[in-house]
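> give me a 3D structure for the following:
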Amino acid sequence: MSVRYHHTQIGWVMILGGLAALIPLLLFGAISGAWVGLLLGAIIVAPTAWLFSSLAVDVTDTEVIWRFGPGIWSHRVARSEIEEVHPIKTKWYWGYGIKYFGPNQWLYNVSGLDAVEIRLKGGGWRRIGTDDPNGLVNSLMIAN
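Here you go, the predicted structure:
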C-alpha cells in the first residue's frame, strides 16, 4: 500500500479546551478534597482531549484513511466509492469531534472551519476537517 498523501492537523481547540476544563476540576478536587473533580478529570476530560488531539489523513492508491489522536480507531473510504471531492467551509456551530448529520453523512473535525467533502457513489458524504484542504483534494483527484 503506497501512501500518496499524509497530513496531521493538531487539534489545538480540543487540547486547549480539555486543559481549560481539566484545570478547574483538578483545582476543585485538590482544594475541597472532593475526589469527584479528580475522577472526572482523570476519567473523562483528559482521555477525551488526548483522543481528539489531532486528525491524521492518509490517501493511498486504494483508500482514504483518517484517525483521531493516537489512532485507536480509524475510518476509511475506498477510493472506488468516491464520486466527487471538494473543499468546504464548515459552520462554527457544528463544533469539533465526530458529528452525525443523517443517514451516511458524517463530519470529522479537530480544529478550524476548513474541510473536504467526499461525496460517495452510494449516497451520503464524509466531511474531513483539515488545515490543508487543497492538498487533500489534489491527492484525491489523482486517478488510480
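> every contact and neighbour count from this point should use C-alpha atoms.
Fine.
> for stretch 68-75, which residues meet the burial criterion?
For stretch 68-75, a neighbour-count test (16 or more other CA atoms under 10 Å) marks 68-69 as buried.
> list the buried ones in the longest helix along the chain?
Longest helix in the chain, counting residues (DSSP state H): helix 12-32. In terms of neighbour count (16+ other CA under 10 Å), helix 12-32 has its buried residues at 12-15, 18-19, 21-22, 25-26, 28-29.
> and which of those residues is nearest residue 99?
Residue 99 lies nearest to residue 14 out of the buried residues of helix 12-32, by CA to CA, at 14.7 Å.
> now do the longest helix of the chain: distance to the chain's middle.
Relative to the centre of its chain, helix 12-32 is centred 22 Å away, using CA atoms, centre = their mean, to the nearest Å.
> on contacts alone, who are the packing partners of that helix?
Packing partners of helix 12-32 (3 or more CA pairs under 8 Å, 6 or more residues apart in numbering; DSSP states H and E): helix 35-40, helix 46-51.
> buried residues, the last one. List them.
If I follow you right, that is helix 46-51. 46, 48-51.
> turn those residues into CSV, including distance to residue 73 and pLDDT.
Below are the buried residues of helix 46-51 laid out as CSV (distance: CA to CA, whole Å; pLDDT from 0 to 100):
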residue, distance to residue 73, pLDDT
46, 18, 79
48, 13, 84
49, 15, 85
50, 13, 88
51, 10, 90
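> between those, which is nearest residue 5?
residue 51 (22.2 Å).
> domain parsing for this protein?
What automatic domain parsing lists as the domains of the chain is 3-8+55-141, 10-51.
> could I get the buried residues of helix 46-51 in a markdown table, plus columns for distance to residue 113?
Listed next are the buried residues of helix 46-51 as a markdown table, based on distance: CA to CA, whole Å:
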| residue | distance to residue 113 |
| --- | --- |
| 46 | 24 |
| 48 | 21 |
| 49 | 19 |
| 50 | 21 |
| 51 | 20 |
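> is residue 112 in contact with residue 131, as I believe?
Yes: the criterion here is CA atoms under 8 Å, and residue 112 meets it with residue 131 at 7.3 Å.
> these two touch, right, residue 124 and residue 103?
Yes: using CA under 8 Å, residue 124 is in contact with residue 103, at 7.0 Å.
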